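[1] Model the following, please.
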Amino acid sequence: MALAWIDWLVVFAYVAFALWVGVRFTGRASEGVNEFFLSGRRLPWWMAGTSMVATTFAADTPLVITGWVRDYGVWKNWQWWCFAVCGFFTAFLFARMWRRAEIMTTAELAEQRYGEKSARVLRGFLGTYHTLITNVITLAWVLLAAGKISEVLVDVPKEWAIGACCAITLTYSLLSGLWGVVLTDVTQFAMAMLGAIALAVIVWIHTGGAAPVLDAVASGIIPAERLAFVPPTGPGSPFDASFWTAPVVAFAVYIGLQWWAYEAVDGGGYVVQRISACKDERHGVLAQIWFQVAHNALRPWCWIVVALASLLVMPSVEHTAPVAGTVISATAGRVEIAPSVPSTGTDPIVVAWDERRELAPLLTVKPGDTVRAGQIVARSDSERAYPEMMARYLPVGLLGLVVASLLAALMSTIDTHVNLASSFFVNDVYRRFLVRGRSDRHYVAAARWSGLGVMALAGIVASQAESIRGLFTFFLAFMGGVGAVYVLRWTWWRVRATTEIAAMLTSSATTVALTHLDVTWNVGPFSDHGALTDEGRLVFVVLASTIAAVLVTVFGKAPDPAKLVAFYRKVRPLGFWGPVAALAPDVVRPSEGRFVLLGVVGGLAATFGLVFTIGEALYGSAVGIAARALVAIGGTVAAVIAVRAITPGAARG
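    Numbering: from 1, shown residues only. Predicted coordinates for the structure are as follows:
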């Protein structure tokens, strides 16, 4: 679809603004690495928090959410909603400790926390790991989403569209550092929310609102679980195997395992960078609270509404093999199968479809695969439904705004992760181990060059991937299993650098092995037709990495408490620090555990009370609205009390 001139005008206006920001803050960012990576530690909470929200509001986000709702249901969002638990623990517990540590990256914490030779090895390892792997994978799935959007909305070859977007983003982000990232993020968030709300309202009105969706559910056209907040259970009791359907098991993994096993359980890269860039501890706490509320409660229904409406106007389609056999060829719009039992005139069997009418089916087989009769060989690419709905329903001008908002969303994620990857490289590899004692301007230049390299590597990875959700779930497992260690390093003196190293190496190696092993799995709801599910993979990864971490910690030598005193004095961590505390009797740690728990519970109640209040309003349930609104109000009161208790002066803003 070709954009009108007014749509292009809106897009170019945002591009011009981003480039202006890059030029405007070049001088300030070039003053030194603290300015380039941390904005001089002068960010107010609302800018830091909004920047976090904008970073997570990438161009891929509405596509992923749309795909989940269409293929599974609203409940599938618990795959990311579950992280609100660790998000509020970060807000009320870890944010203040990160800010007190005064580090630039999460990798830098290793030397400060452990104070031993292996900690230097860990810092270098983490610096390389986050430069070349974690941030590259994130950038790759964002670029993949950009390709899908450009194919639907922009009459330009996707390689050119993505290349131009990356060039613009690199220009302003490498010029202005975190200052440019944050300022464009604030603008991007406003644009993205306006565009997402406009599309949701227009689509909901055009398709008739909730009534047609509910009617389609009642008639069986749309499965009932598509609207459910939690997946339906099987017919038996919780003690019966039939109760534990695959969706229920997935939900249990999200709620019971995934949030605490993940690498970002205590904040993670870009969150810690923003907290470290805040004016003080109080601003860091408020930034994280605002991020969690906006991220989990204010945004998702804009995308869920579009996803539900899209099921009415473009139902999902699956193409199956009519016979058992071997796939000869699999191309866009066509799959040829050589039957296992040939019959006259039907060799090969062709399964074909019209890609101009369907929602761009994705192939699920490749040449050489053996298929059974009835096996799915291609299914609708539900991730493309969001840009398709944009193209169908948005008028001229407003379409340009939404395209510009998605462009801004793409750029906000790219600039954050390019800047973050550069900070790991410069701070934890280049300046720490390779080239010491040079000027700040030299290291800023190194940051800019490393950003170009990271972007090029991400482009290569994106060119080899097909599914955004596939990269997302791989990433969750790849970093799964280290969360428990990351919590314990703040709360137990006994954890050593070798504990982290064992957990990370085991987690990464297990994920890669389970992803590429060519075996038939039969592990109940953790397997699907012989393939290991994403949730099953995560469970095995967490189990393996936890065992490795426990063995290394229990059988390894205990750390020297004297080497931990400096960290203890500076950060004042909560938890079990007896031998270290005995060497620093002057350090006073306030008894605030009850306020931390009150804040976490209150924050979750406020956030998800709001989530479900909006949902019940869309579904038309007045009783549900009132009950959930009361939960949200009670949670807000509890969170405010907790904030005032742990950050004196917070009420003054």
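[2] what's the next secondary structure element after the longest helix along the chain?
    Longest among the helix segments of the chain by residue count, using DSSP state H, is helix 158-206. Beyond helix 158-206 on the C-terminal side, the first helix or strand identified by DSSP states H and E is helix 210-218.
[3] Output that following helix in PDB with nothing but the alpha carbons.
    Extracted in PDB, the C-alpha atoms of helix 210-218 (Å, rounded to 0.1, in the frame of the first residue of the first chain):
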ATOM      1  CA  ALA A 210     -17.700  -6.000  21.600                       C
ATOM      2  CA  ALA A 211     -21.100  -7.300  20.500                       C
ATOM      3  CA  PRO A 212     -19.900  -8.900  17.200                       C
ATOM      4  CA  VAL A 213     -16.900 -10.500  18.900                       C
ATOM      5  CA  LEU A 214     -19.100 -11.900  21.700                       C
ATOM      6  CA  ASP A 215     -21.600 -13.200  19.100                       C
ATOM      7  CA  ALA A 216     -18.800 -14.800  17.100                       C
ATOM      8  CA  VAL A 217     -17.600 -16.500  20.300                       C
ATOM      9  CA  ALA A 218     -21.100 -17.700  21.100                       C
END
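[4] can you map out the strands along this structure?
    318-320, 325-331, 334-339, 349-352, 361-363, 370-371, 376-380, 527-528, 531-532 (DSSP state E).
[5] if we can go back for a sec, quick check: mean pLDDT of the longest helix of the chain?
    For helix 158-206, mean pLDDT is 84.
[6] ok so, going back, Glu500 is nearest to which of the strands of the chain?
    With Cβ to Cβ, the closest approach to Glu500 among the strands of the chain belongs to strand 531-532: 26.3 Å. All C-beta spots, glycine's among them, are computed from the backbone N, C-alpha and C.
[7] Same list (the strands of the chain) but as a markdown table, adding mean neighbour count and distance to Val487.
    Shown next, in a markdown table, are those (neighbours: other Cβ atoms under 10 Å; distance: least, Cβ to Cβ, whole Å):
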| stretch | mean neighbour count | distance to Val487 |
| --- | --- | --- |
| strand 318-320 | 14 | 42 |
| strand 325-331 | 16 | 45 |
| strand 334-339 | 20 | 48 |
| strand 349-352 | 15 | 50 |
| strand 361-363 | 19 | 38 |
| strand 370-371 | 16 | 45 |
| strand 376-380 | 20 | 39 |
| strand 527-528 | 14 | 30 |
| strand 531-532 | 16 | 27 |
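[8] So what's the residue count around Arg594?
    Residue crowding around Arg594 was assessed by other Cβ atoms under 10 Å; the count is 10.
[9] and it, how far is that from Trp179?
    39 Å (Cβ to Cβ, to the nearest Å).
[10] pretty sure Ile304 contacts Ile65?
    Yes: here Ile304 reaches Ile65: they are 6.7 Å apart, a contact under Cβ atoms under 8 Å.
[11] which residues do those two both contact?
    Both Ile304 and Ile65 are contacted by Asn77, under the criterion Cβ atoms under 8 Å, 6 or more residues apart in numbering.
[12] All the helices of the stretch 451-600 of the chain, residue numbers only.
    With DSSP state H, counting those that start in this stretch as the criterion, the stretch 451-600 of the chain has helices at 468-478, 483-491, 497-516, 534-555, 565-571, 578-582, 593-619.
[13] which stretch among the ones you listed comes nearest Glu108?
    helix 565-571 (12.1 Å).
[14] For that closest one, which helices and strands make contact with it?
    helix 95-101, helix 109-114, helix 578-582 (3 or more Cβ pairs under 8 Å, 6 or more residues apart in numbering; DSSP states H and E).
[15] Contact partners for Ala446?
    Residues in contact with Ala446, defined by Cβ under 8 Å, 6+ apart, are Phe425, Val426, Tyr430, Arg431, Val435.
[16] Mind listing what's buried along stretch 40-52?
    For stretch 40-52, the neighbour count (16 or more other Cβ atoms under 10 Å) marks Gly40, Arg41, Leu43, Trp45, Met47, Ala48, Gly49, Thr50, Ser51, Met52 as buried.
[17] Including distance to Gly483 and pLDDT, could the residues you listed go into a markdown table?
    Shown next, in a markdown table, are the buried residues of stretch 40-52 (distance: Cβ to Cβ, whole Å; pLDDT from 0 to 100):
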| residue | distance to Gly483 | pLDDT |
| --- | --- | --- |
| Gly40 | 31 | 87 |
| Arg41 | 27 | 91 |
| Leu43 | 26 | 92 |
| Trp45 | 25 | 94 |
| Met47 | 28 | 94 |
| Ala48 | 23 | 95 |
| Gly49 | 22 | 95 |
| Thr50 | 26 | 94 |
| Ser51 | 24 | 92 |
| Met52 | 19 | 93 |
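[18] Where does pLDDT dip in the stretch 351-500 of the chain?
    Applying pLDDT under 70 to the stretch 351-500 of the chain flags residues 355-360, 463-477, 479.
[19] Give me the distance between Ala502 and Asp347.
    For Ala502, the distance to Asp347 - Cβ to Cβ - is 55 Å.
[20] So between these two, which is more surrounded?
    Ala502 (22 against 13).
[21] okay, that one: pLDDT?
    Ala502 carries a pLDDT value of 91.
[22] close enough to count as contact, it and Val552?
    Yes: counting by Cβ under 8 Å, Ala502 does reach Val552; the two are 4.3 Å apart.
[23] Would you map the helices across the stretch 201-350 of the chain?
    Under DSSP H, counting those that start in this stretch, the stretch 201-350 of the chain gives helices at 210-218, 246-253, 259-261, 269-277, 281-293, 300-313.
[24] in the first one, what's buried?
    Put plainly, it is helix 210-218. Ala210, Pro212, Val213, Ala216, Val217.
[25] so what secondary structure elements neighbour it?
    Using 3+ Cβ pairs under 8 Å, 6+ apart, helix 210-218 sits against helix 300-313, helix 593-619.
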